[in-house]
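**Student:** Provided below are the primary sequence and the corresponding predicted coordinates.
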Amino acid sequence: MPALWIGPGRVVLASKSESRHAILDAAGIPHEVLPAEIDERKVEGCAADRSAVQVAALLAREKACKVSACRPGTLVVGADQTLAIPRACRFPRNS
């Protein structure tokens, strides 16, 4: 199977995710893993009024920006995911 990546150099994955690493490997995309060291809880806290999709996109962007600042001219992939639980399924917090 021909490689999907024909660009120059390697892609940088700004994530510790083994699943994302495996996906890039399976696709034949040469890459290196360089996790972004960001405070995810702080980013989530600043985006408390946003949807789960928007928070995941914001986290992915923050990760990519952090790593790309150290690797100018390199294609950096930032990714994240969140879980949205409908209000009806939420459990009360213990007091």
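**Tutor:** Noted; the coordinates are in hand. Since the structure is predicted, the reported quantities are computational estimates derived from the model, not experimental observations. Numbering: from 1, shown residues only.
**Student:** Now do the helix or strand of the chain with the lowest mean pLDDT: which elements does it pack against?
**Tutor:** None of the helices or strands of the chain scores lower by mean pLDDT, DSSP states H and E than helix 40-46, at a mean of 89. Using 3 or more C-beta pairs under 8 Å, 6 or more residues apart in numbering; DSSP states H and E, the elements in contact with helix 40-46 are helix 52-70. In short, each C-beta sits where N, CA and C put it, glycine included.
**Student:** Show me what the helix it packs on is packed up against.
**Tutor:** Secondary structure elements in contact with helix 52-70, counted by 3+ C-beta pairs under 8 Å, 6+ apart, are helix 40-46, strand 76-77.
**Student:** pLDDT averaged over the shortest one, what's the number?
**Tutor:** In this model, strand 76-77 carries a mean pLDDT of 94.
**Student:** Neighbouring strands - and their directions - for it?
**Tutor:** If you go by DSSP bridges, strand 76-77 pairs up with strand 11-13 (parallel).
**Student:** Pull out the buried residues from the strand it pairs with.
**Tutor:** Neighbour counts over strand 11-13 (16 or more other C-beta atoms under 10 Å) mark 12-13 as buried.
**Student:** Return the residues in contact with residue 47.
**Tutor:** Neighbouring residues of residue 47 by C-beta atoms under 8 Å, 6 or more residues apart in numbering: 54-55, 58.
**Student:** Could you give the number of residues near the closest residue to residue 51 other than its chain neighbours?
**Tutor:** In this structure, residue 51 finds its nearest non-sequential neighbour in residue 84, 7.4 Å apart by C-beta to C-beta, 6 or more residues apart in numbering. Residues lying near residue 84 (other C-beta atoms under 10 Å) number 9.
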